[in-house]
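Q: 3D model of this:
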Amino acid sequence: MGFPQTRLTLIQRLTSGGAEEDWQNFLKDYWGPICRFSLRRGARNLDDAEDVASETFEALWEQRLLVRWVANRSAKLRTLLCCVVRNILSHRNRVRASPSYGVVGVDSLIAKDLRSIFGQSFHYICANSSILRRRRGRGIPRR
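A: So this is what the prediction gives:
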């Protein structure tokens, strides 16, 4: 079973502040296909696939991707959804492959609070400070 046919009126209602029922219909239509796609593309198990689906819908909401898709429909909706899933899986694989995967530092413990204060710029600062820490740990001098 593949992706359902796109219901443009439902997507338009969602972009204009859709009701809870509209979101439930959207989730019901796309949750399964996104989970199956993420399993085929590298999710480890069903729980991991459901986490990816959850992150996908979160990205659609936070980055207003549906609004941008309705404004400029240059591709199919399933292309957008699959692209988001691939990006999430790619990011997860990069994180798992990093030498510091699973190590909880001070940055990660207070990151949520700092992000709420500094916004998106904190992510850049935190990422760069992690790079500097890894360089020092490997004996590579700081720039």
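Q: Run through the protein and note the low-pLDDT ranges.
A: Applying pLDDT under 70 to the chain flags the ranges 1, 101-143.
Q: 90 instead, please
A: Scanning the chain for pLDDT under 90 picks out 1-2, 17-18, 74, 94-143.
Q: Helices of that one, residue ranges please.
A: 8-15, 20-40, 46-62, 65-71, 77-97, 106-118, 120-137 (DSSP state H).
Q: Turn these into JSON lines, including distance to Gly2 and mean neighbour count.
A: C-betas here are computed from N, CA, C, even on glycine. Output for the helices of the chain, formatted as JSON lines (distance: least, C-beta to C-beta, whole Å; neighbours: other C-beta atoms under 10 Å):
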{"stretch": "helix 8-15", "distance to Gly2": "18", "mean neighbour count": "15"}
{"stretch": "helix 20-40", "distance to Gly2": "6", "mean neighbour count": "16"}
{"stretch": "helix 46-62", "distance to Gly2": "15", "mean neighbour count": "17"}
{"stretch": "helix 65-71", "distance to Gly2": "19", "mean neighbour count": "15"}
{"stretch": "helix 77-97", "distance to Gly2": "8", "mean neighbour count": "15"}
{"stretch": "helix 106-118", "distance to Gly2": "36", "mean neighbour count": "11"}
{"stretch": "helix 120-137", "distance to Gly2": "34", "mean neighbour count": "12"}
